[in-house]
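In: Need a 3D model of the following:
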Amino acid sequence: MPPPRATASRSRRRSKSVKVVVTGPFGAGKTTLIGTISEIPVLSTEKQVTDATRAVKPNTTVAMDFGRLTIDRDLQLYLFGTPGQKRFDFMWEILAEGMLGFIILVDGQRDDSVAEAREILTFFRDVARVPYVVAVTKSADNPETAVKRTRAELDLHDGVRVVACDALDRNSVKGVLLELLYAALEDVDAEQPAAV
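Out: This next block holds a predicted model:
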């Protein structure tokens, strides 16, 4: 008698979905980054800016952005972008729930972006002990200097990954996501008990 056939549900591997939060100050490139890498049309809650920040950009995220990236048949990243303006910060905690890690974007052209990023970084580090990466956008003229300056101004130790990122370039965005995944793997490895 031949062995029974595996049912479709038993033979199909379950894919794992993980949540990555993309955060940072207003105008740092969160919506752009998600739109550059997402394999689906980005669900965005952008609305027209009605205050003085209109000089920086005409629209702002008021709730969240959502995109998806399939790494392979076993892993999908769900990308959630936060609002950057302080008046929408109530969404930060909601979006942070259940995240694998986060990426904080800093606009390399705006000095006030680092101060805003410091406050956002403090919030996210307090709400969840997860890996994160700092990505400096809009720094094409001198990315090394922008990365060093951002690391110093945010007072980050050498173990924190700080990288330059062109939010419009798919490979650059992939690089940032890979840095976050490597950081997450290092955390998992560090938590594993040593073999006897």
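
In: all helices for the chain, in order.
Out: Secondary structure of the chain (DSSP state H): helices located at 8-11, 30-37, 90-96, 111-127, 143-153, 170-191.

In: Need those helices in JSON lines (columns: mean pLDDT).
Out: Listed next are the helices of the chain as JSON lines, based on pLDDT from 0 to 100:
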{"stretch": "helix 8-11", "mean pLDDT": "44"}
{"stretch": "helix 30-37", "mean pLDDT": "94"}
{"stretch": "helix 90-96", "mean pLDDT": "83"}
{"stretch": "helix 111-127", "mean pLDDT": "92"}
{"stretch": "helix 143-153", "mean pLDDT": "94"}
{"stretch": "helix 170-191", "mean pLDDT": "90"}
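
In: To residue 19, which of these lies closest?
Out: Among the helices of the chain, the nearest to residue 19 by Cβ to Cβ is helix 90-96 (8.5 Å). Bear in mind the C-beta positions are built from the backbone N, C-alpha and C, glycine included.

In: what's in contact with the closest one?
Out: Contact partners of helix 90-96, identified using Cβ atoms under 8 Å, 6 or more residues apart in numbering, comprise 21, 23, 63-64, 80, 82-83, 102, 120, 123-124, 127-128.

In: Any of those buried? List them.
Out: 21, 23, 63-64, 80, 82-83, 102, 120, 123-124, 128 (16 or more other Cβ atoms under 10 Å).

In: In strands, which of those fall?
Out: Counting by DSSP state E, the buried ones among the contacts of helix 90-96 place 21, 23, 63-64, 80, 102 in strands.

In: where does the closest residue to residue 105 other than its chain neighbours land on pLDDT?
Out: Nearest residue to residue 105, sequence neighbours excluded (Cβ to Cβ, 6 or more residues apart in numbering): residue 24, at 3.5 Å. On the pLDDT scale, residue 24 is placed at 94.

In: burial count for residue 24?
Out: The tally of other residues near residue 24 (other Cβ atoms under 10 Å) stands at 26.

In: give the contact list for it.
Out: By Cβ under 8 Å, 6+ apart, the residues touching residue 24 are 30, 82, 84, 103-107, 113, 116-117, 120.
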